[in-house]
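Need a 3D model of the following:
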Amino acid sequence: MASSSKANLTDADEEEEEEVEHFDDFTLASSWERFISEIEATCRQWFADGPKNLLEKGAVHLGSSNKIYRVKSELKDAAKIYSMEYYFEINNNGNISDWNCTLHDLQLCFGVKEFLVISPQSASGVVLDAPEASKLLSAVAIALSNCSSFWPAFVPVHSPSRKAFIGIQNMGTVFTRRFEADRIGSQVPIKFMHLEGLYELFVSKFAYSTLDHPVHLFKVHLIMKLTYRTLPNDDEDDGIQDADAENAASETMPGSGNRSRKHWDDDCPWSEWYSAEDPVKGFDLVTTWSEKVVESSLEMAEMENSSPHEAEKWILTPNLSPNLDSSKGDRIGFASQLQLLVSALDMSFEAQFMEDFVSVENPGSDNLKSSMVIPPPTVLDRVLKDLLIEGSQFPDLAKGEHKSSRAIKGAPVESLFAQFCLHSLWFGNCSIRAIAVLWIEFVREIRWYWEESQPLPKMPANGSIDLATCLINQKLQMLAICIEKKRELNEEFQDCLGSNDDVFSHMEVEDIQVGEESTSFHAKSQGFDGKRDSPLILEGFNGTKTAISKFSTNSQDVYSADKGTSDSKRRGSAGPVGSMKLLNSCQSLHAPFTQNAPLMTEDMHEERLRAVEAFGDSFNFSAQLERETLSSDMSAFKAANPDAVFEDFIRWHSPGDWENDGSEADGLSKNLTEAMKDDWPPRGQLSGRMSGHGNLWRKIWNDAPSLPTYEQKPLLDPNREGEKILHYLETVRPHQLLEQMVCTAFRASADTLNLTKFGSLKQMTTKMDQLYITMASTLRPLQANLLSGNSETIQDLRRLCMVFEHVEKLLTLAASLCRKFIPAPRVYEAIFSDYYGFYLPTMGMGSADVDVQKEFDMKLQLKVNERQVVSNMFTPPTANQSWRKVLSMGNLLNGHEPIRREVIFSKRDSSNDHHYAVSTRRGTRMNYQQEIETYRMYICGTSNDLRVALSITSYD
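Numbering: from 1, shown residues only. The predicted model follows:
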């Protein structure tokens, strides 16, 4: 007995020992459990932080969305490393079904807001093994369940091109949502290209068999969005269409050549100089249908045939050129060429004359020849022909002029020098060598016009010199006047040679009235049409105007009265000056026709001022400077008033230097009869400066002969002044020429752009005003000839070119939008205003400072009356486009199918009295008053691909 009991005890001990040896310690977690724990800890931390704290900890904003942020964490399971990303929004009150908001791809596919994405850190970034994907999704689901979190989680699977996902969401203790998305990249079945087939695809997910489709009516909720895109401006179809039209035209019209293709900016003011790329490449039109309930596939077929005009909303998105907000400097326009002109100005200090830049003897000519190519002679001839031969003889100098244009000391845009500067911008890449060649040939042509006495194109041959322009423009304007004067003298000389002696003898026996009419004719033929405006004349000009007015109205009566009272013959009289009388003879004082003051350019005025500063501001010296003009006026006065004395001339020419007792204060208002009753002679005397000893005015009076203006030598010697001007143009210093070219080129370019029609865009008007102010401030050192080599002004000019480029880009966009939406001004104003706010922060920045990642993305909801304007942009496709593009989807807009169709199907069930309702232990059901979206399918398709995302809510 004892032995048997011992044996039993020994067996029991051995069994206990075996049990101890094979005991599994479940306190030691597996690698998979540690992986779940790590996911859970990370999710708890994110959930505790909340969106605001996550932003402070470095959450990344997604550029594709306006309000979605992302945080990221790395996880390790065995030998693999995974990346878990949490996507969240700051404002979580948006509606996922709202097509207007910018959503993440997964938000749009599955109708979720915040979510997790866990993926392997590999080259593909997706899970290629199905068991691994299921295991990974299970781990995330367990971790989220432990956290009591309702975040949906997704795992990318298959290949990146398929954009496939599987996912799960714990919706509490009752429901679970499962997600699946996949994509067909090619060979989409024809059935799924139509709404009817897509509807049947969705119904098949919950119908028991396909036979139930026509029998049962399933209430399916539907919302749809269609996206249309206008054909790009440079589409190859347009080129083929134009080629076909050209061929047809050449067949029907013998001898007709190929016409050039019309560009979008052919009627814009800058098209004469360059062709700009259309900044608006096209538009995307998004049409959205409001939610509706569909019960059969027949309704889907009818919906596919409906017009896009029946959609609830039309949303327009402009597709702008990527070069519009690029700062690479590869855009061709006025700004790019002005930059080259500034570089030429910087090099202009290296030589004394323009010929040095093209001379083979210049030491630096090898460098110039290698880097600066001159266009061929044919191009040079064409430029000169456009400048001179085809130029307008009567240019509109005020064309395109901005209210602040004259603050820039350049030349009017239609003037000859301004056109030369604009041509220089595009001649040989605007290099200093090309400019020198063009300038030398230009001056040679100008000399030909002078020597042949031909009118100078694009320059006015009359009027006064505009001192507000640059010096070269003043010289060319004066040269045009000299050519005109030279032509008049030549014509008069030829007339004199062709005259005979009988004509002269006949003129000598003419009576005084006929002589006066002849005087008026000659005076007008010489261009001397009134009293000159001189700084030495104080108040006499008004009297002259009165006399001329009286002369023109009743000249014959005046001359007849004088003929009876005067023994001398008046010549060159413009008529009496009111009731003024000569001091010695008590005869009417007549105002003479006088020559205009000699024209002077700015440098001539400066020379006179320097002379005045050198010799002092004495009265006699001023008279010496005006000696020729003063002598001419005195001679004309003596001819018109043979009995006049020096005091009479002073009373008419400079009333301020005649001191009287007031008896003549109202002399101009009295008639001849009343004046005869007054005491004579009038009591008065010369002023102190006129009566002084050695007065130069009296000396000039004594020396002046009695000659009317038509017998005097002209004050302006056209031959002498013309040669002086040509000498200046031929010997001008390069830097002086380039300084004036820069000022004129900036002004002319801005004035050309100022002619652009951009509607009522206030931002653009303000920007143009600011541009002129900036140009006037930056170019002021050039106008004062204060520039020197390696000056800081060169850098300021380069910055000015950048500002000009920004304004030019905005103006091009404004012009393009305005011409596209003329009947709908609200549309182009809204688009431009939005882009202006987007682009404004980049203005003034260099290319390194611009955030090129940020893109302009605007969505504008159209009003009903604006839809037709946008619809007209979708021109019906041509026959050539029809056979090249097979239409496979409905809802056509003017024959254009949508480039993308997005549909969301959903089926909703009530949880009350339904198998989804929860049974409690007491046998009652928890009543959920809201509907549950049991099935949801997002479909995004084109004629070439189809993407489907399905979410199913189930009861666990």
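
Where do the strands of the stretch 151-300 of the chain begin and end?
Assigned strands in the stretch 151-300 of the chain, in chain order: 153-157, 164-170, 175-184, 220-229, 280-294 (criterion: DSSP state E, counting those that start in this stretch).

Kindly apply the preceding question to the stretch 801-950 of the chain instead.
Counting by DSSP E, counting those that start in this stretch, the strands of the stretch 801-950 of the chain are 860-861, 900-910, 918-919, 925-926, 931-941, 946-955.

Redo those strands as a markdown table? Include mean neighbour count, mean pLDDT and distance to P232.
Glycine gets a C-beta too; all of them are placed from N, C-alpha and C. Converted to a markdown table, these look like this (neighbours: other C-beta atoms under 10 Å; pLDDT from 0 to 100; distance: least, C-beta to C-beta, whole Å):
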| stretch | mean neighbour count | mean pLDDT | distance to P232 |
| --- | --- | --- | --- |
| strand 860-861 | 14 | 92 | 20 |
| strand 900-910 | 19 | 90 | 16 |
| strand 918-919 | 12 | 47 | 57 |
| strand 925-926 | 12 | 44 | 58 |
| strand 931-941 | 20 | 90 | 22 |
| strand 946-955 | 19 | 91 | 25 |
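
closest one to Q187 among the ones you listed?
Closest approach to Q187 among the strands of the stretch 801-950 of the chain (C-beta to C-beta): strand 946-955, 9.9 Å.

what comes into contact with the closest one?
Contact with strand 946-955 is made by 109-111, 163, 165, 171, 174-184, 188, 192, 201, 205, 915-916, 932-941, as judged by C-beta atoms under 8 Å, 6 or more residues apart in numbering.

wait, doesn't R570 sit right on A591?
No: counting by C-beta atoms under 8 Å, R570 sits too far from A591 to count as a contact (11.3 Å).

more crowded one of those two?
Neighbour tally, R570 and A591, criterion other C-beta atoms under 10 Å: the higher count belongs to A591, 30 against 24.

May I have the distance across stretch 462-469, first residue to last?
End-to-end distance of stretch 462-469 (C-alpha to C-alpha, to the nearest Å): 16 Å.

now stretch 468-484, how far from the chain's geometric center?
32 Å (C-alpha atoms, centre = their mean, to the nearest Å).

Give the buried residues for that stretch.
Neighbour counts using 16 or more other C-beta atoms under 10 Å place 469-484 of stretch 468-484 among the buried residues.

which of those sit farthest apart?
Largest separation among the buried residues of stretch 468-484 by C-beta to C-beta: C470 and E484, giving 21.6 Å.

Run the angle between the strand or helix carrying E85 and strand 153-157 for me.
Using DSSP states H and E, E85 sits in strand 80-89. Calculated by axes from the mean of the first three to the mean of the last three C-alpha atoms, to 10 degrees, strand 80-89 forms an angle of 130 degrees with strand 153-157.

Give me the contact list for strand 80-89.
39, 42-43, 46, 51, 54, 59, 62, 67-76, 104, 106, 113-121, 136, 140, 151.

Just the buried residues of the residues you listed.
Neighbour-count burial (16+ other C-beta under 10 Å) applied to the contacts of strand 80-89 gives 39, 42-43, 46, 51, 54, 59, 68-71, 73, 75, 104, 106, 113-120, 136, 140, 151.

Next step: those restricted to strands.
Those of the buried ones among the contacts of strand 80-89 mapping onto strands are 68-71, 73, 75, 115-120, per DSSP state E.

Just put the residues you listed in TSV and tack on pLDDT.
What follows is these, written out as TSV (pLDDT from 0 to 100):
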residue	pLDDT
I68	88
Y69	91
R70	93
V71	94
S73	93
L75	90
F115	94
L116	95
V117	95
I118	94
S119	91
P120	91
